[in-house]
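S.K.: quick one: sequence and predicted model below, then my questions.
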Amino acid sequence: MNERVFAVLLAGGAGTRFWPLSRRSRPKQVLPVGGEAPMVRATLARLGDLVPPERVLVVTGEDQAAAVAGVLPEIPPENLVLEPAPRNTAPCIGLAAVEALGREPDAVLLCLPADHVMRPAAGFREAAARALARADGAGTLVTFGIEPTRPATGYGYIRRGEETAPGFFRVEEFREKPARERAEEYLAAGGYLWNSGMFAWRADVFLEETDRYMPENGARFALLREDPSRRADLFPRMEPRSVDYGILERTDRAEVLPLALRWDDVGSFAALARLVPGDEAGNHATGELLALDAHGLVTVAPEGHLVAALGVDDLVVVVTPDATLVCPRDRAEEVKSLVAGLRRAGREDLA
């Protein structure tokens with residue numbers, strides 16, 4: 001079965017919550033956010049020998065291809081699957097499924113966001129191998145659920161149902177990002193998992209469920225399989241929807257495999273407080289920080305640039321050569337609204 005497995009790295013997001021580090025042409029996934037290696041490179045390394053580079057498909061935007069290829073030199077150029085327009089994860093994964101089926105009629109896909117942190121890598125690979133075998137043999141859509149360690153409000157949740165095979169459970173329902181009180185209830189009740197956005201399934205099964213629940217997209221994928229040269233025409237007309245909303249919340253073939261790993265989707269700068277060691281005042285600095293009577297800061301600065309903070313608490317400060325971000329830590333998720341504002345103002349040079 002290994003010869004039929006393709007890893008799909010989902011590397012097309014703009015990462016607007018990581019502005020000003022992340023820009024459209026230099027997206028979050030090519031930056032060393034929370035680590036020493038670019039995030040997409042760390043995702044590839046996490047695969048180890050589970051999937052060789054020649055069977056790793058990297059789905060990214062046409063305007064991001066050069067940046068992504070630059071940090072993944074071992075990936076063959078033909079394995080960069082380029083999206084002519086951003087259309088969210090359901091069309092993105094469908095495009096990868098079409099590409100894989102064009103090479104291997106019984107292709108099995110391991111779909112991974114390219115901007116997560118996960119440890120230990122060996123535990124992930126063992127779980128991925130189990131999920132791929134289950135998806136291949138049973139024709140199910142397997143999602144990976146992370147055993148929660150805190151009442152996180154920034155993640156979606158999966159409520160698991162009865163066990164369908166050893167270690168696998170029926171997906172009872174998906175839950176949106178909860179308020180703090182509800183997240184605490186999930187943690188106390190048990191049976192709730194963080195929705196990791198990682199998946200394993202056969203490519204043909206995924207396209208069958210696309211036909212069933214997103215039929216207009218399914219019809220366009222059928223045309224694309226007949227004539228791959230029509231990607232630029234067909235893909236921008238796909239219905240833009242996440243794979244969760246478009247398929248997984250509606251299908252009766254979804255299963256979840258719980259994982260007890262250290263995992264973080266690094267959704268905003270606030271996540272760096274979980275990934276970067278802090279000082280005695282709870283300040284987490286990437287780069288040089290001088291903090292006096294300052295607590296709970298998250299700072300990012302380039303080499304040779306000092307951030308000096310006096311008498312301030314719970315801020316995010318990010319310095320780049322052409323822009324500086326300052327915001328409360330609890331509003332770090334809203335940074336994307338600044339990018340939208342720059343675009344409205346015609347400042348695409350900064351967005």
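M.R.: Cool, got the structure. Residues are numbered from 1 along each chain as shown.
S.K.: tell me which stretches of the stretch 251-351 of the chain form strands.
M.R.: Ranges of strands within the stretch 251-351 of the chain are 254-259, 262-264, 284-286, 288-292, 298-300, 306-310, 315-319, 324-328, based on DSSP state E, counting those that start in this stretch.
S.K.: let's have those strands in JSON lines, adding distance to residue 214, mean pLDDT and mean neighbour count.
M.R.: In this view, the C-beta of every residue, glycine as well, is placed from N, C-alpha and C. Formatted as JSON lines, the strands of the stretch 251-351 of the chain follow (distance: least, C-beta to C-beta, whole Å; pLDDT from 0 to 100; neighbours: other C-beta atoms under 10 Å):
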{"stretch": "strand 254-259", "distance to residue 214": "15", "mean pLDDT": "98", "mean neighbour count": "23"}
{"stretch": "strand 262-264", "distance to residue 214": "28", "mean pLDDT": "94", "mean neighbour count": "18"}
{"stretch": "strand 284-286", "distance to residue 214": "40", "mean pLDDT": "96", "mean neighbour count": "21"}
{"stretch": "strand 288-292", "distance to residue 214": "47", "mean pLDDT": "98", "mean neighbour count": "15"}
{"stretch": "strand 298-300", "distance to residue 214": "38", "mean pLDDT": "98", "mean neighbour count": "25"}
{"stretch": "strand 306-310", "distance to residue 214": "46", "mean pLDDT": "98", "mean neighbour count": "14"}
{"stretch": "strand 315-319", "distance to residue 214": "37", "mean pLDDT": "98", "mean neighbour count": "21"}
{"stretch": "strand 324-328", "distance to residue 214": "36", "mean pLDDT": "98", "mean neighbour count": "15"}
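S.K.: between those, which one is nearest to residue 81?
M.R.: Of all the strands of the stretch 251-351 of the chain, it is strand 254-259 that lies closest to residue 81, at 24.1 Å by C-beta to C-beta.
S.K.: what is that closest one packed up against?
M.R.: helix 121-138, strand 141-146, strand 157-165, strand 168-175, strand 192-202 (3 or more C-beta pairs under 8 Å, 6 or more residues apart in numbering; DSSP states H and E).
S.K.: need those in JSON lines with distance to residue 15 and mean pLDDT, can you?
M.R.: What follows is the helices and strands packed on strand 254-259, written out as JSON lines (distance: least, C-beta to C-beta, whole Å; pLDDT from 0 to 100):
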{"stretch": "helix 121-138", "distance to residue 15": "22", "mean pLDDT": "97"}
{"stretch": "strand 141-146", "distance to residue 15": "21", "mean pLDDT": "98"}
{"stretch": "strand 157-165", "distance to residue 15": "23", "mean pLDDT": "97"}
{"stretch": "strand 168-175", "distance to residue 15": "24", "mean pLDDT": "96"}
{"stretch": "strand 192-202", "distance to residue 15": "14", "mean pLDDT": "97"}
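S.K.: which among those is found nearest to residue 68?
M.R.: Among these, the nearest to residue 68 by C-beta to C-beta is strand 192-202 (18.3 Å).
S.K.: pairing partners for the closest one, with directions?
M.R.: Partners of strand 192-202 in the sheet, by DSSP bridges, are strand 108-113 (antiparallel), strand 141-146 (antiparallel), strand 157-165 (antiparallel).
S.K.: mean neighbour count and distance to residue 307 added to those strands, as a markdown table?
M.R.: Formatted as a markdown table, the strands paired with strand 192-202 follow (neighbours: other C-beta atoms under 10 Å; distance: least, C-beta to C-beta, whole Å):
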| stretch | mean neighbour count | distance to residue 307 |
| --- | --- | --- |
| strand 108-113 | 24 | 29 |
| strand 141-146 | 24 | 32 |
| strand 157-165 | 17 | 35 |
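S.K.: in CSV: those, plus distance to residue 313.
M.R.: Formatted as CSV, those follow (distance: least, C-beta to C-beta, whole Å):
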stretch, distance to residue 313
strand 108-113, 32
strand 141-146, 30
strand 157-165, 30
